[in-house]
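[1] sequence? don't have it. structure:
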């Protein structure tokens, strides 16, 4: 989740990959026994090393050479496990997202709230996932499990398939916007208030409503709550639509 899904990659050795290559690594068939010495690493080792690099230095630092250095291996040795960077980053994303929360017995609102909050936590922990959840691409098993859990939460609601998918897209885009803003600056509303304070003090007569809003937010201590507030308003809107049709 978190972006559009599909398939569209071109072949290359260390930056791009084929759509069939991405599908093959994300959705492998039965493993085949290979002749020769036992591999020194596993595919999980390679993905873990790549994630460690991305966590420490950002996604742009993830190259086949850099990951090989992290493992203490030769660059060419990595191609035994993964065809190239595109396939590697696809595996990184699926690992970073992990499995979605499951609560088959809960009401739709509680399930979607948990779904959205958990996605927000996962992507906030690894903001580089934002770069990997845009454009046409192949979703992996974990990402598809998120979609499955999301639409399952709405299975009894009087919504058609397109509306259930649009609800999840709306929630996922809310997550993306929040994670993107938080990755750029910590406590954005507080930071904005601090930046505007001298300006609003000097021009309070021109912006009285803005001054009042920031003043009240400071008094109540309810700053930087846009994610939770937005989530509840989205769910309120879905609830109102369901009630209108119920």
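    Yes, it's here. Worth saying up front: this structure is predicted, and the values here are computed from it rather than measured.
[2] give me the number of residues near the residue nearest to residue 153 when sequence neighbours are not counted?
    Distances taken as CB to CB, 6 or more residues apart in numbering place residue 111 nearest to residue 153, at 3.8 Å, with adjacent residues excluded. C-beta here means a position set from N, CA and C on the backbone, and glycine is covered the same way. By the other CB atoms under 10 Å criterion, the neighbourhood of residue 111 contains 21 residues.
[3] List the contacts of residue 111.
    Listed by CB atoms under 8 Å, 6 or more residues apart in numbering, the contact set of residue 111 reads 103, 149, 153.
[4] Restricted to helices, list those.
    Among the contacts of residue 111, the subset assigned to helices under DSSP state H consists of 149, 153.
[5] Assign a three-state SS to the residue nearest to residue 153, would you?
    Three-state assignment for residue 111 (DSSP: H, G, I helix; E, B strand; the rest coil): helix.
[6] Compute the distance between it and residue 129, please.
    According to CB to CB, to the nearest Å, residue 111 stands 22 Å off from residue 129.
[7] Check residue 82 too.
    When residue 82 is compared with residue 129 (using CB to CB), they lie 18 Å apart.
[8] Please apply the same query to residue 48.
    In this structure, residue 48 lies at 15 Å from residue 129, with CB to CB as the measure.
[9] which one of those two has more residues nearby?
    Between residue 48 and residue 129, residue 129 has the larger neighbour count (other CB under 10 Å), namely 23 against 17.
[10] Is it correct that the more buried one is in contact with residue 94?
    No - counting by CB atoms under 8 Å, no contact exists between residue 129 and residue 94, whose distance comes to 10.0 Å.
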